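In: For reference, the sequence and a predicted model appear below.
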Amino acid sequence: MFSGFTVSGASLQVLNVGDRGTIARFTQADPSTLSHLQSLGLDRGKAIAVTQRHPNFMVSTEDGHLTLPPSLVSAIYVRLAGPNLV
């Protein structure tokens, strides 16, 4: 019998305000996208939390708040964590 499951990761673009986790990987191999993410301080292992979805997608890290364009949001895959991560 099916006993349920848990989701341990998701694309950043499907997370809701208040969801948090750690950047696990980038789903796009485009060097310019990866370079842009790194220039913003976003790299694998970085704790991240969604603070706003509309009208702009905003996240917070220990370094501050960032507004991300859709192209960057869709490139980030997050390993989900509890409420006290960021």
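Out: Yes, it's here.
In: Name the next helix or strand following the strand or helix carrying S35 along the chain.
Out: Assigned by DSSP states H and E, S35 belongs to helix 31-39. Next along the chain after helix 31-39, taking DSSP H and E as the criterion, comes strand 47-52.
In: Return the set of buried residues in that next one.
Out: Buried residues in strand 47-52, counted by 16 or more other CB atoms under 10 Å: 47-51. Backbone N, C-alpha and C define where each C-beta goes, glycine included.
In: Can I get those in TSV including pLDDT and distance to L12?
Out: Converted to TSV, those look like this (pLDDT from 0 to 100; distance: CB to CB, whole Å):
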residue	pLDDT	distance to L12
A47	96	13
I48	96	7
A49	97	10
V50	97	7
T51	97	12
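In: Pretty sure Y77 sits in a strand.
Out: Yes - with DSSP: H, G, I helix; E, B strand; the rest coil as the criterion, Y77 is part of a strand.
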